[in-house]
Structures are given as structure tokens and as C-alpha cells.
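Asks: sequence first, then the predicted structure, then my questions.
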Amino acid sequence: MQDLIRRAAEVMKNSRKTVVVTGAGISTEAGIPDFRGENGIYRQLGEDRVMRIINIDFFRHNPEEFYSFYRQYFNFPAVEPSKAHYMLARLEKEGYVAGVVTQNIDNLHQKAGSKNVIPIHGNAEQFVCQGRSCRTRYDASYVENYPETVPRCSACGSVIKPDVVLFGENIYNYADAREMILSAQLLIVIGSSLTVYPLAGFVREFCTFTQDLIIINKGPTYLDHAALLKIDTGTTGAVLEQIYQYLQQKR
Ligand code: NAD
Ligand code: ZN
């Protein structure tokens, strides 16, 4: 492990541009369960059921059922960023990381101080009115305190929707996310099984042009075979901290 960490630091040191891709695994240490890991909701509830409900058509046709499910299982606890989030913010500040593309909707990179973040699946702390000419935004406390299961806009009465990308919807900032990933010399994936498209596709595309992929994840991912280095760990914060220490030594 130590040797892998040292080599990762060396590759980073020599990289002209390093971009980081993160998934739910970076937030489990902050206290938010992932989907596919051992305590993930796919294991608890079944992937088919989750995918059927967390879907834009289901939301439009069955807002009542959508919201009773969403309120029960997607009510993220109010947590602080983990050490890994803080380490990434520091690495960006000191010029080692150019930016982060994340599938997470927990806003923790931004809270930790990362500046150049592309949250392609949105932000679960925000809600947006579905009225075509309204689009008023609300924060989570409005929805939590709303007296009915389905929250409605106080301006126009339309149903409001979590500002997250549901199955069947396009991701946010598709072109910017792809461009940031393909423009990297080194890509570091942290805490993602690389199952969810299109992000997994961007990483795959990156691998056809360059070999400099580092994966830091507990358990296998779909692109382990393409990685220059794979660090299998459940403590991504500690690994990033050690990488940072190596980078400091080499200044
Ligand atoms: P995933 O659930 O498919 O994979 C997470 C990966 O992280 C797994 O391989 C797991 O073994 C690994 N992992 C878990 N804990 C770890 C740890 N402490 N250290 C290292 N690795 C760890 O996640 P995904 O690929 O990001 O896709 C899930 C989808 O669900 C995404 O689209 C995302 O939007 C959404 N999601 C977001 C959150 C969040 O915002 N925190 C949480 C759950 C799901
Ligand atoms: Zn409205």
C-alpha cells in the first residue's frame, strides 16, 4: 500500500493537469451511505425498485409515492465533509488538482472549500419549481417543513422537484464535465464503482487516449484493468493525506 501511495504522489507531481472524479464512496466516511456498497440502498431495497421510483416519469405521474420514498430514503443527514473532501480542497488550493467532477449530490466538496466542482447530478439541498415560467428555487428546510407529502411552490402552486438528476434525465454540464476529464493528463477516480453513465463513459474515453488513471476505491470498479495504479482502501482521507505529505516532501 505504501509503495502504491508513493507512486501515486510521483505521478501527481509530474502531471501537468490532474482532474479528480468522485462518487458516493468518498462520502461514506462523512456518514452518507452509497448505493452499491455493503450498506447501500440497492442492497436494502433492490436496484430495480430504486431505479423505478427515482425516475423522472415516475416523479411526474406519481409525485405522492415519489415523495414518500424520497423523504424516507434520500433525506441525507446533515453531515460535515470528510477528511477526503478537505484534502481535495487543499490539493486544489495548492495547485495539485485542477478540478473535481462529482456524481454526488451532497454538496460536500463545495462545503469543504473546493472551488472548481462540476456536480453533474445536481444538489440534493436544493429544490426547484416545475412551473415552466416560474422555476423558483427552495432549500431543503422548505420541503422538510411543508405540511403535505408533496411540496408545492408558494408562488405558483406547481410541484417542486429535488434539484437532482433522476433516471431518465440528462446530467448537468455534460459538455463541461467531459471536457474537464478529457483535458486531464492524470485522472484520479475516488469512491466510484464506475457503473453510472455517462460519467463512466467519460472515464473510459479518457483511458483510450492516456494511461494515467489512478483509482482509489474499496472493492472492484469497471475500469480497474485500465488503471495505472489501483489503491483498494476504505479510508480515502488517510490515503489522500499521505499522498499530500509525499508531495510536500518533494517540493
Ligand atoms: P456507487 O454506490 O456505485 O459506488 C460507490 C463505490 O465506493 C463502491 O465501489 C464502494 O465499494 C466504494 N466505497 C464505499 N465506501 C468507500 C470508502 N470509505 N472508501 C473507498 N471506497 C468506498 O457510487 P457511484 O458510482 O458514485 O454511483 C451512485 C449514484 O448514486 C451516483 O449517481 C450518485 O449520484 C448517487 N449517490 C450519491 C450519494 C451522495 O451524494 N453522497 C450517495 C449515494 C448515491
Ligand atoms: Zn412556481
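Replies: Received it, and whenever you're ready, just let me know what you need. Numbering: from 1, shown residues only. Ligands and ions are numbered 1, 2, ... in the order given.
Asks: pLDDT wise, what is residue 41 at?
Replies: With respect to pLDDT, residue 41 has a value of 79.
Asks: thought it was touching residue 50?
Replies: Yes. With contact defined as C-beta atoms under 8 Å, residue 41 and residue 50 form a contacting pair (6.0 Å). For every residue, glycine as well, the C-beta is placed using N, CA and C.
Asks: who touches both of the two?
Replies: With contacts taken as C-beta atoms under 8 Å, 6 or more residues apart in numbering, residue 41 and residue 50 have residue 35 as neighbours in common.
Asks: report how many residues lie close to residue 63.
Replies: Using other C-beta atoms under 10 Å, the number of residues around residue 63 comes to 19.
Asks: that one and residue 159 touch, don't they?
Replies: Yes. Between residue 63 and residue 159 there is a contact at 5.3 Å, judged by C-beta under 8 Å.
Asks: what do these two both touch?
Replies: residue 150.
Asks: CA atoms only for the longest helix along the chain, dumped as CSV, please.
Replies: Longest helix in the chain by number of residues (criterion: DSSP state H): helix 236-249. In CSV, the C-alpha atoms belonging to helix 236-249 read as follows (Å, rounded to 0.1, in the frame of the first residue of the first chain):
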residue,chain,number,x,y,z
THR,A,236,-9.6,7.6,1.2
GLY,A,237,-9.0,10.6,3.5
ALA,A,238,-5.9,8.9,5.0
VAL,A,239,-4.6,7.9,1.6
LEU,A,240,-5.0,11.5,0.2
GLU,A,241,-3.3,12.9,3.3
GLN,A,242,-0.3,10.6,2.8
ILE,A,243,-0.2,11.5,-0.9
TYR,A,244,-0.2,15.1,0.2
GLN,A,245,2.7,14.5,2.6
TYR,A,246,4.8,12.9,-0.2
LEU,A,247,4.0,15.9,-2.4
GLN,A,248,5.2,18.3,0.3
GLN,A,249,8.5,16.4,0.8
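Asks: packing partners for it?
Replies: On a contact count with 3 or more C-beta pairs under 8 Å, 6 or more residues apart in numbering; DSSP states H and E, helix 236-249 meets helix 2-13, helix 83-93, strand 213-216.
Asks: now distance to residue 116, mean pLDDT and mean neighbour count too, for those, in CSV please.
Replies: As requested, these are arranged in CSV below (distance: least, C-beta to C-beta, whole Å; pLDDT from 0 to 100; neighbours: other C-beta atoms under 10 Å):
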stretch, distance to residue 116, mean pLDDT, mean neighbour count
helix 2-13, 17, 96, 16
helix 83-93, 7, 98, 22
strand 213-216, 19, 98, 25
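Asks: quick one: which of these is nearest residue 143?
Replies: Nearest to residue 143, of all the helices and strands packed on helix 236-249, is helix 83-93, at 24.3 Å by C-beta to C-beta.
Asks: cheers, nothing more for now.
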